[in-house]
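# got a sequence here, can you build the structure:
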Amino acid sequence: MADKKKRALVIVPFALDAAGVANRKAQTKAVKLGPDIDFDFRPVTAGPTSFMSHHDVALMEMGIFEAAMDAEKDGYDAVVIDTMSDSGMGPLRSMLKIPVIGPGRASMFFALMLGSKFSVLAQWEPSIPRIKRALQEYGLAAHVPSIEHFDTPPDFASLLDGKEEKVFPKMKAACERAIDKGAEVICMGSTTMHQAAAYLADNLPVPVINPGPLSYKLVELMLGLNLSHSKKTYPAPLAPKPEMVRAMMKAAAATEKK
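The predicted structure is shown next:
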């Protein structure tokens, strides 16, 4: 009897329409995935419209948590969070036994498999504090000679579509500054940059990590090895309140429509 096809749920961290979600799903084209797994993309019910402050972090954490907290019951075998912030990863790991992958932690640690120092490419200056917090939390700041940005406000729906000629050279120049400061690997600091990954890889002398596709391959790896996160690190809640969370997000979505 053939093995059942696996299903992974990818949570888009903004309440995007079908076109916006399709731009995110296009990341799957950048990686060769096996025929025995499907990736479904789902936007959050409600959340921030930007992601540059602690206010936004709080809203995104809750939105992502609500969007995937029933993934195991819904028959999914894994969850991927489509943001380098790894928002919602801890709460979801506490609720779920299936693997929950955050591309931020995954791509930064993977960078150290390819070199001893890596730099993070941010979109613009307001993104830098979030990246610094992640590096401190993961204990990786000493391995990062710089965080560079290309001074372009993010477009969370269209991403870099239509901006290639203007933006790609700026991204390359930012990466070259990082290399001059000692970077041996470039880690793209947002899944919103995925459209530039091939260009940067072809035009830079160091490896470039595209976090979204990496996280999809890690899902395959973890499922293939029958591994998931430790419940010693992420214990289950003593009194889970999924109905409260759903009500909060439903009310939030209604407020946004007013």
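# can you tell me how far residue 30 is from residue 221?
Noted for residue 30: a distance of 17 Å to residue 221, by Cβ to Cβ, to the nearest Å. Glycine gets a C-beta too; all of them are placed from N, C-alpha and C.
# neighbour-wise, which of those two wins?
residue 30 (16 against 12; other Cβ atoms under 10 Å).
# so who does that one touch?
With contacts taken as Cβ atoms under 8 Å, 6 or more residues apart in numbering, residue 30 has the following neighbours: 194, 197, 198, 210, 212, 213.
# what do you get if the cut-off is 10 Å, keeping everything else the same?
Remark: with contacts taken as Cβ atoms under 10 Å, 6 or more residues apart in numbering, residue 30 is in contact with 194, 195, 197, 198, 201, 210, 212, 213, 214, 216.
# just the strands in the stretch 151-258 of the chain please.
Secondary structure of the stretch 151-258 of the chain by DSSP state E, counting those that start in this stretch: the strands cover 185-188, 208-209.
# tell me the most buried of the ones you listed?
strand 185-188 (a mean of 27; mean count of other Cβ atoms under 10 Å).
# counting by contacts, list what it packs against.
Identification of packing neighbours for strand 185-188 by 3 or more Cβ pairs under 10 Å, 6 or more residues apart in numbering; DSSP states H and E yields helix 103-114, strand 118-122, helix 164-180, helix 197-203, strand 208-209, helix 211-224.
# using PDB, list the CA coordinates for it.
As requested, the backbone C-alpha atoms of strand 185-188 are provided in PDB (Å, rounded to 0.1, in the frame of the first residue of the first chain):
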ATOM      1  CA  VAL A 185      27.000  33.900   3.400                       C
ATOM      2  CA  ILE A 186      24.000  36.200   2.700                       C
ATOM      3  CA  CYS A 187      20.800  35.400   4.500                       C
ATOM      4  CA  MET A 188      17.800  37.100   3.000                       C
END
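# chain center to stretch 65-73, what's the gap?
Mean C-alpha position of stretch 65-73 versus that of the full chain (Cα atoms, centre = their mean, to the nearest Å) differs by 17 Å.
# quick check: buried residues in it?
Neighbour-count burial for stretch 65-73 flags 65, 66, 67, 68, 69, 71, 72 (criterion: 16 or more other Cβ atoms under 10 Å).
# return the alpha-carbon coordinates of that stretch using PDB.
Extracted C-alpha coordinates of stretch 65-73, given in PDB (Å, rounded to 0.1, in the frame of the first residue of the first chain):
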ATOM      1  CA  PHE A  65      -1.300  31.300  16.000                       C
ATOM      2  CA  GLU A  66      -5.000  31.400  15.300                       C
ATOM      3  CA  ALA A  67      -4.500  30.500  11.600                       C
ATOM      4  CA  ALA A  68      -2.600  27.300  12.300                       C
ATOM      5  CA  MET A  69      -3.600  26.100  15.800                       C
ATOM      6  CA  ASP A  70      -6.000  23.500  14.400                       C
ATOM      7  CA  ALA A  71      -3.600  22.300  11.700                       C
ATOM      8  CA  GLU A  72      -3.100  18.900  13.300                       C
ATOM      9  CA  LYS A  73      -6.800  18.300  13.700                       C
END
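# quick one: the strands of the stretch 151-258 of the chain as a markdown table, columns for distance to residue 26 and mean pLDDT too.
Listed next are the strands of the stretch 151-258 of the chain as a markdown table, based on distance: least, Cβ to Cβ, whole Å; pLDDT from 0 to 100:
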| stretch | distance to residue 26 | mean pLDDT |
| --- | --- | --- |
| strand 185-188 | 15 | 98 |
| strand 208-209 | 17 | 98 |
